[in-house]
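sequence and predicted structure below; questions after.
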Amino acid sequence: MAGNYRQVVIGEKTLDAVTVGVERDAAGAIKASIWWEAVGDVDADEAEYDDVPAALAAAEASRELHGFSEVVVALQDGLQWDAEWGLLARQERQKEPIGDVSNMDLTDNEAFDLAAGIEAERDA
């Protein structure tokens, strides 16, 4: 059964999700990998798969096993999502250059300095 997934930008850290990366290899074949960040007592891990359905199934199993909230997808630029893999909600581009920092463990002073630096660059 195909699932529902949310697309993320390549390189985006998703602390409460298993990420499935889909890309073409040098020969043009589509392959996939899954990974997740270390959270609490769950170690970071990654694995590669020769096909997307196998990667999505492994990602769903990992999500359930480790208690992550979702499976997200990072697509290589120019690669089209196959509807047989499930539904993919496209991500809108972040308007802020660094995105949401609410879960980043910044002190109030660090958050202020970061925001001030961004505003200074915008005004330059």
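Now that the structure is in, tell me what you want to look at. Residues are numbered from 1 along each chain as shown.

domain ranges for the chain, per the record?
With automatic domain parsing as the criterion, the domains of the chain are listed as 3-92, 94-124.

what mean pLDDT does stretch 86-97 have?
Taken as a whole, stretch 86-97 has a mean pLDDT of 70.

residue 104 belongs to a helix?
No: looking at residue 104 with DSSP: H, G, I helix; E, B strand; the rest coil, it is coil, so not inside a helix.

distance of it from residue 9?
As judged by CB to CB, to the nearest Å, residue 104 and residue 9 stand 17 Å apart. In this view, the C-beta of every residue, glycine as well, is placed from N, C-alpha and C.

likewise residue 106?
21 Å.

number of nearby residues for residue 114?
14 (other CB atoms under 10 Å).

dump the residue contacts of residue 11.
Neighbour list for residue 11: residue 74 [criterion: CB atoms under 8 Å, 6 or more residues apart in numbering].

run a quick neighbour tally on the nearest residue in space to residue 16 that is not next to it in sequence.
Distances taken as CB to CB, 6 or more residues apart in numbering place residue 69 nearest to residue 16, at 4.6 Å, with adjacent residues excluded. By the measure other CB under 10 Å, the count of residues near residue 69 is 11.

contacting residues for residue 69?
Residue 69 neighbours (CB under 8 Å, 6+ apart): 16, 17, 63.

gap between it and residue 29?
Counting by CB to CB - residue 69 and residue 29 are separated by 31 Å.

again, but for residue 39
32 Å.

those two: which has the busier surroundings?
Remark: of residue 39 and residue 29, residue 39 carries more neighbours, 14 against 10, as counted by other CB under 10 Å.

now do the helices in the chain.
52-66, 108-123 (DSSP state H).

which strand residues bridge residue 35?
Beta-bridge pairing for residue 35 (DSSP bridges): residue 19, residue 46.

surely it touches residue 45?
Yes: assessed by CB atoms under 8 Å, residue 35 is found in contact with residue 45 at 6.7 Å.

more neighbours: these two, which one.
residue 35 (17 against 13).

re the thing from before, select only the buried ones of the contacts of residue 69 in PyMOL?
A single PyMOL command selects the buried members of the contacts of residue 69 (16 or more other CB atoms under 10 Å):
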select buried, resi 17+63
